[in-house]
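[1] curious how this folds, go ahead:
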Amino acid sequence: MNQNQIYVKIVDSLRKHRDGGLMVLSSGINVACVVSQLLIHFLEKQFNSVILLNFSIAQLELIDTFLNDYLIKNDLINNGKIQQEVERLGKAISEKRSKIYKQGGIFSISSQVLMQDLLIQALKPDAITHIIINQCHDIKTKYDYESWILNYMKLKRPQIFTLGLTNRPQLLQFRQNAHIILKQLYIEQKLPWPFNRAEIVGFLKQNDKKWSEFAVQPSKQVKEIQDCLISVIDECLIDINLRLGQQIFTTQQIIQSNEYQLITQLIKKKVRFDLTRYQIFKDIFQIRKLLFQLINSSPAQFMYSFYRLSSPEEQDSVWHIPNQKIEYALTTIKRVAKERFFDIRQCPKPIEYQVQSQDQLYKKEVNLEIKFNIHNPPKLNILVQQLEKIQSDNHQRVWIWAPNQQQVNQIQQFLGYYFLMKDKTNIMNQLNYFRMTLGDYMIKDTEDKLNEILNGKVETTKQPKVVLKKKSNLNQASQDLVVLHSLYQELVIFHTELQEQRFQMLKDNTIMKRNYQYQLIPQELLNLNIQDLGEKIDDFGKLVTFNEDQIMKNMTISINCLDDECHRLQYVLQSKPDHIFMLEPCNRFLRELLIINAQAKIYMIYVEDSIESWKFAKEKLDEDTAFDQLIQDETIQKKEDPRESIKTVQIDDQENTRHGKGMDFYNKKQQKQIIIVDFREFRSEIPSRLYFEGYEVQPCMLKVGDIILSNKCGIERKCVETGDFMESLDKRLDDQLRRMHDTFEYPFLLIEFSDNIQFNLSSIQRIKGRKNRTSVKLHKFIRRYPKLGILWAKNIEETIKLITKLKQTLASEQPDLKLFKNANKQNLNFEKVDFYFSQLEQLII
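    A predicted model of the protein is given here:
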């Protein structure tokens, strides 16, 4: 593959720096490809162990692919001395990991487990030659595990090679933490690789790789709706900025950023007001989604999405704000959204409409009819035109990439209806959305209103039918309601008949038998030849495939929304498409295809002057700005001594030479103070903070307690923010405190708050809607366990101060690890623990 030309040059630039460095890659440069090339270089040299941190499963699989290709190409596949793939150690128990480490090789492991293995000496620091840290843009302080590992390793093996990797330069620039990363990883060199670097530009010119762009001009109606949605965001931001007391966000930032980026900005600026709980802040991102749906979905589908979002139950929602500008904008959107899809207009001859309501059939002649304006999203029309254009006698493999699963489903349905059912305007799908819009929102709860309109104007008979007087006149709104009710009932009947006859129609390939005389439904819908689309969908429901000749002759069409760069590269290598269609502009994806020099023809379809084109331009501008600042920053990073980051433990010197204990005290001061920490506490910053306080941290699966300071003193730590404290109050905590009370002379329950939670009991009094009498339960624990002491910490910093004070006074003696080690539970599956807490972190964010 020609992409090696770029990655070989990247690795060559890295080999000049023996200690490693911070490598910042442009979006589109695959981290896994860089690491693969670097590992191939290591395979050619002698090394003991290479540690990979923070690599995803997809990245590791891609690395394995390139390693195997290299071994096969060089006829080394049967060489037992050369590792053929990265060893994943997440599932291995500690004893097995220790044996694997001794063999040497390339290992992928979580930072927490690696630190534990180093502390318990399952892995000797001398055996590690290289550490490669991915996603190093997330490193913020010395208490991060990556920083802790590098401090520990630099003390034990100063010459270790350290490489920090990121292909998110915007995050580095946004967080302004490049200098922090250099400091914490004990490296000096920044190695930027922007996309406009000479080596990349020369490579692209040499291959002369081009792509085709198809820019769609938005219609006047789309522009009008877009302007109204943006004006709603403007008004919401005025309200938010007033609450914050300062202008934090602009409309441009909201449109071009996601929710996570904005919340990160709030944290960076230390805004105390919790916007994540503010309904209008949530609504802004729903409106942002509508901006994408406006240009990607059909008029009927957008109308359904808009009505669904504009009917919330929350009274503090933006849809209920008494703001004239917002009310005008929403009214305009409703009007224009209807006009995009249908219009109720005058007709020369009166039409008799029937409306079924409360078991009675109302009839009325009105001079109105519905005119549908059914059309496809312009991007899908261009897609079909290009598919028909590239069709030939030779077999063509087509990959259609969409940004999300919703669009994958839409494209799948559109192509099937268009080519198999000859539904050129996707009318069946659009009228189905219109039926749901009518039933759920537009005529919802209007039967009573309709009856009020018609009551007093009817002649009742003994028959179930009620015929309206011909002379009775209805106003325009009432006539519209009659027409919409009648249309909705026809659509419901049609949908019911379709469901009842669908199996037989698919079996016989026949047109639906009409048991009802439809007046309002378009004739083209009634004449459709219903067929099974016959697409194949993978087990995960994410890849849709139409096989050769299924919808187009000599053409296989696959549709997916792969968002991981490694998955996309693997897919290109395996499926080898001849044509790649991008249904939304994406800098990262386009660059990936250019760098690997994919042989496929690339087509980019997008809407001009829309949220997707703004986002596309902003991403490129942000990355260029980030690299410019990174390169221009010539601040010389002084390489720190790792010993300077660790404090010296102070021991209380109450014992003095008058009692003949001077030598014992001297030996105690010279000895490293030990604190035993339960494996599960390594999910927090407690172990790393204790390490940098100067203590020797010993990981262990404890039988009792979370932190052991001495044989006489132990701590059960409960964190309020994670919910551990409240969840354990009912039963588990009582059992834990009982065992603590029976084991230690000085047992402590430590209740830790955080900066995000007020430091008082009232902030944790209610959980899941029920009041917990926390103080009463704590009082019972104190009476039941007289030796128990309760410690309160405002945050994790206060927790460390309390532990330090106890270690200096009550617990100055060293703990005996053998007394507290739980041999039966020593071997933990840390992969499940890490996965659980990564999911928890995403939910919190």
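[2] run through the stretch 1-150 of the chain and note the low-pLDDT ranges.
    Within the stretch 1-150 of the chain, the segments meeting pLDDT under 70 span 1-3, 44-47, 78-83.
[3] what residues are up against the closest residue to K371 other than its chain neighbours?
    Among residues not flanking K371 along the chain, D343 sits closest, at 4.9 Å (Cβ to Cβ, 6 or more residues apart in numbering). Every C-beta, even on glycine, is put in place using the N, C-alpha and C of the backbone. By Cβ atoms under 8 Å, 6 or more residues apart in numbering, D343 lies in contact with I370, K371, N373.
[4] now the residues you listed: which count as buried?
    Neighbour counting by 16 or more other Cβ atoms under 10 Å classes I370 among those as buried.
[5] strands of the stretch 301-450 of the chain, start to end?
    With DSSP state E, counting those that start in this stretch as the criterion, the stretch 301-450 of the chain has strands at 342-357, 360-372, 396-401.
[6] what pLDDT does the residue nearest to K371 get?
    D343 is assigned a predicted lDDT (pLDDT) of 90.
[7] any stretches of the stretch 251-400 of the chain with poor pLDDT?
    For the stretch 251-400 of the chain, applying pLDDT under 70 flags the ranges 258-260, 264, 267-274, 276, 356-360, 362.
[8] that older thread, can I get the contacts of D343 in a markdown table with distance to I295?
    A markdown table is the format used below for the contacts of D343 (distance: Cβ to Cβ, whole Å):
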| residue | distance to I295 |
| --- | --- |
| I370 | 26 |
| K371 | 24 |
| N373 | 17 |
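[9] and the contacts of D343, which is closest to I6?
    N373 (49.3 Å; Cβ to Cβ).
[10] any idea how far L275 is from the closest one?
    Note on N373: its distance to L275, by Cβ to Cβ, to the nearest Å, is 40 Å.
[11] likewise F692?
    As defined by Cβ to Cβ, F692 lies at a distance of 33 Å from L275.
[12] before we move on, what about Y785?
    Counting by Cβ to Cβ, the gap from Y785 to L275 is 42 Å.
[13] before we move on, what about V216?
    V216 is 35 Å from L275, by Cβ to Cβ.
[14] count the neighbours of A477 for me.
    Counted with other Cβ atoms under 10 Å, the neighbours of A477 add up to 9.
[15] same check on the one 4 residues further on?
    L481 is surrounded by 20 other residues when neighbours are defined as other Cβ under 10 Å.
[16] list the buried residues for the strand or helix carrying it?
    If you go by DSSP states H and E, L481 is part of helix 476-508. By neighbour count with 16+ other Cβ under 10 Å, helix 476-508 contains the buried residues 478-479, 481-491, 493-494, 497-498, 501, 505.
[17] pLDDT of it, averaged?
    79.
[18] residues touching the residue nearest to R157 when sequence neighbours are not counted, list them.
    Nearest non-adjacent residue to R157, counting by Cβ to Cβ, 6+ apart: P125, 5.0 Å away. Taking Cβ under 8 Å, 6+ apart as the criterion, P125 is in contact with L118, Y152, M153, K156, R157.
[19] among those residues, name the ones in strands.
    Using DSSP state E, no member of those falls in strands.
[20] which members of the residues you listed occur in helices, if any?
    Judged by DSSP state H, those include L118, Y152, M153, K156 as members of helices.
[21] contacting residues around the nearest residue to the first one once chain neighbours are set aside?
    Read that as L118. Among residues not flanking L118 along the chain, Y152 sits closest, at 6.0 Å (Cβ to Cβ, 6+ apart). Contacts for Y152 (Cβ under 8 Å, 6+ apart) come out as M115, L118, P125, Y691.
[22] of these, select the buried ones using a ChimeraX command.
    Listed next is the ChimeraX selection for buried residues among the contacts of Y152, using 16+ other Cβ under 10 Å:
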select :115,118,691
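[23] widest-spaced pair of the contacts of Y152?
    Across the contacts of Y152, the longest distance by Cβ to Cβ is 14.4 Å; it joins P125 and Y691.
[24] just the pLDDT at the residue lying closest to I160 once chain neighbours are set aside, thanks.
    Spatially, and ignoring its direct neighbours in sequence, I160 is nearest to M153 (5.3 Å; Cβ to Cβ, 6+ apart). pLDDT for M153: 94.
[25] which of the residues in stretch 417-436 are buried?
    By neighbour count with 16+ other Cβ under 10 Å, stretch 417-436 contains the buried residues 417-421, 423, 425-436.
[26] from M303, how far out is V355?
    Taken as Cβ to Cβ, the span from V355 to M303 is 22 Å.
[27] oh, that last question was meant for Y152, not what I typed.
    Applying Cβ to Cβ, the value for Y152 to M303 is 60 Å.
[28] list the helices and strands the helix or strand containing L71 packs on?
    Using DSSP H and E, L71 maps to helix 57-73. Where contact means 3 or more Cβ pairs under 8 Å, 6 or more residues apart in numbering; DSSP states H and E, helix 57-73 is packed against helix 31-43, helix 565-575.
[29] sheet partners, orientation included, of whatever helix or strand comes next after the last one?
    Think helix 565-575. Using DSSP H and E, the helix or strand that follows helix 565-575 towards the C-terminus is strand 579-582. Take DSSP bridges as the rule and strand 579-582 pairs in its sheet with strand 396-401 (parallel), strand 601-607 (parallel).
[30] contact partners of the longest one?
    Residues from elsewhere that reach strand 601-607, judged by Cβ under 8 Å, 6+ apart: 211-218, 295, 378-379, 382-383, 386, 390, 578-585, 590, 593, 612-613, 616.
[31] what about it, average pLDDT?
    For strand 601-607, mean pLDDT is 95.
[32] mind listing what's buried along the very next helix or strand once past it?
    Following strand 601-607 in sequence order, the next helix or strand is helix 611-632 (DSSP H and E). Neighbour counts over helix 611-632 (16+ other Cβ under 10 Å) mark 611-613, 615-616, 618-619, 622-624, 626-627, 630 as buried.
[33] which one's more surrounded, V355 and M303?
    Applying other Cβ under 10 Å to V355 and M303 shows that M303 carries more neighbours, namely 26 against 22.
[34] neighbours around the residue nearest to the more buried one when sequence neighbours are not counted, how many?
    Spatial nearest neighbour of M303, excluding adjacent residues (Cβ to Cβ, 6+ apart): A337 at 4.6 Å. For A337, the count of nearby residues is 23 (other Cβ under 10 Å).
[35] gap between A337 and T437?
    Distance, A337 to T437, using Cβ to Cβ: 10 Å.
[36] which neighbours do the two share?
    Counting by Cβ under 8 Å, 6+ apart, the shared contacts of A337 and T437 are M303.
[37] for stretch 177-194, measure first residue to last.
    Start and end residues of stretch 177-194 are separated by 18 Å (Cα to Cα, to the nearest Å).
[38] buried ones in it?
    Neighbour counts over stretch 177-194 (16+ other Cβ under 10 Å) mark 177-178, 180-188, 190-194 as buried.
[39] out of the buried residues of stretch 417-436, which sit inside helices?
    Going by DSSP H, the helices hold 417-419, 427-436 from the buried residues of stretch 417-436.
[40] farthest-separated two in those residues?
    So, those by Cβ to Cβ: farthest apart are F419 and M436, at 25.3 Å.
[41] any stretches of the stretch 501-650 of the chain with poor pLDDT?
    Counting by pLDDT under 70, the stretch 501-650 of the chain has low-confidence residues at 503, 505-512, 539-541, 634-638, 650.
[42] restricting to C-alpha, output stretch 531-549 in CSV.
    The C-alpha trace of stretch 531-549 is given here as CSV (Å, rounded to 0.1, in the frame of the first residue of the first chain):
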residue,chain,number,x,y,z
GLN,A,531,-41.7,-5.4,-3.4
ASP,A,532,-39.3,-6.7,-0.8
LEU,A,533,-36.2,-4.5,-0.9
GLY,A,534,-34.0,-7.5,-0.4
GLU,A,535,-31.1,-5.7,1.2
LYS,A,536,-28.7,-7.5,3.5
ILE,A,537,-28.0,-6.0,7.0
ASP,A,538,-25.2,-7.1,9.2
ASP,A,539,-25.6,-8.4,12.7
PHE,A,540,-25.2,-4.9,14.2
GLY,A,541,-27.7,-3.3,11.9
LYS,A,542,-25.1,-0.8,10.7
LEU,A,543,-24.0,-2.1,7.2
VAL,A,544,-26.7,-2.3,4.5
THR,A,545,-25.8,-4.1,1.2
PHE,A,546,-27.6,-4.4,-2.1
ASN,A,547,-26.0,-7.2,-4.0
GLU,A,548,-25.0,-7.2,-7.7
ASP,A,549,-28.0,-6.7,-10.1
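[43] alright, I will stop here.
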